[in-house]
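Undergrad: give the three-dimensional model of this entry:
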Amino acid sequence: MARALKKVLNSKVTISLLYRAIRGYSATYRLTVENEQEWMDRMKAGDAIVLCCWHQQFFSAIRYFKGYSHLKPPLMISKSSDGELIAGVASHTGWEPVRGSSSKGGRDALTEMAQKLLERKICAHIVDGPRGPAGKVKAGVIRLAQLGNASIVPFAIRADRAWYFNSWDRFMIPKPFAKVVLRYGGIFPVPSVTTPEEFEDVRLRLEQTMLPGLIHP
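TA: Next comes the predicted model:
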């Protein structure tokens, strides 16, 4: 029974319907996007960019990120059954899922992400996914930026009215017709490091940069 249900949930029809529902629902938002031009200008000049956010907030970006589909950006998504659904939605958005996470297939996925980043100059990464803990930037995003010779651009999303799930990340879904602000932070350069201590210093600096954008409902 569980296997049959999983098959239905991960079917092409279900994923297509879910994607359309997300787009329709998100169209009710009164969305404002801030500070986008800076990183786009850098990318047009030839620099590679890793967009990243907290797991709590990625839902609100799905509709808007369709606008980047012509760039075919890669996005790392876990190999879990939940990840299968998310990967399907990402594909409909025009993003290319790369399957893997810190707990399964992460090394190969990170290598593939870095190769695509070098080619396409853009990718996205969820810094504390897929299982948290919330507010902890994992090492993968730093390694990805180093391998792809890229800078990191974090973004955060706020809504004046939202629901928060009782989950590890307090996952956020803005309510219908909410005022939603998607704000890109400044460009975060990732230097070459030679020691574990230097690597940890970079990771902590990114974490401290992003923590003000994490919502604690």
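
Undergrad: how about stretch 15-32: buried residues?
TA: Residues of stretch 15-32 classed as buried by neighbour count (16 or more other CB atoms under 10 Å): 15, 18, 19, 22, 26, 29, 31. Just so you know, the C-beta spots here come from the backbone N, C-alpha and C atoms, and that holds for glycine as well.

Undergrad: who's the closest spatial neighbour of the fourth one, skipping the chain neighbours?
TA: Okay, so that is residue 22. residue 62 (5.5 Å; CB to CB, 6 or more residues apart in numbering).

Undergrad: show me what contacts that neighbour?
TA: Contacts for residue 62 (CB atoms under 8 Å, 6 or more residues apart in numbering) come out as 22, 23, 26, 89, 93.

Undergrad: can you rerun that using 7 Å?
TA: Taking CB atoms under 7 Å, 6 or more residues apart in numbering, we find residue 62 in contact with 22, 26, 89, 93.

Undergrad: and the last one, backbone torsions?
TA: Pointing back at residue 93 there. phi -80, psi -10 (degrees, to the nearest 10).

Undergrad: dihedrals phi and psi, the residue nearest to it when sequence neighbours are not counted?
TA: Sequence neighbours aside, residue 66 is the residue nearest to residue 93 in space, at 5.1 Å (criterion: CB to CB, 6+ apart). Main-chain torsions, residue 66, degrees, to the nearest 10: phi -60, psi -30.
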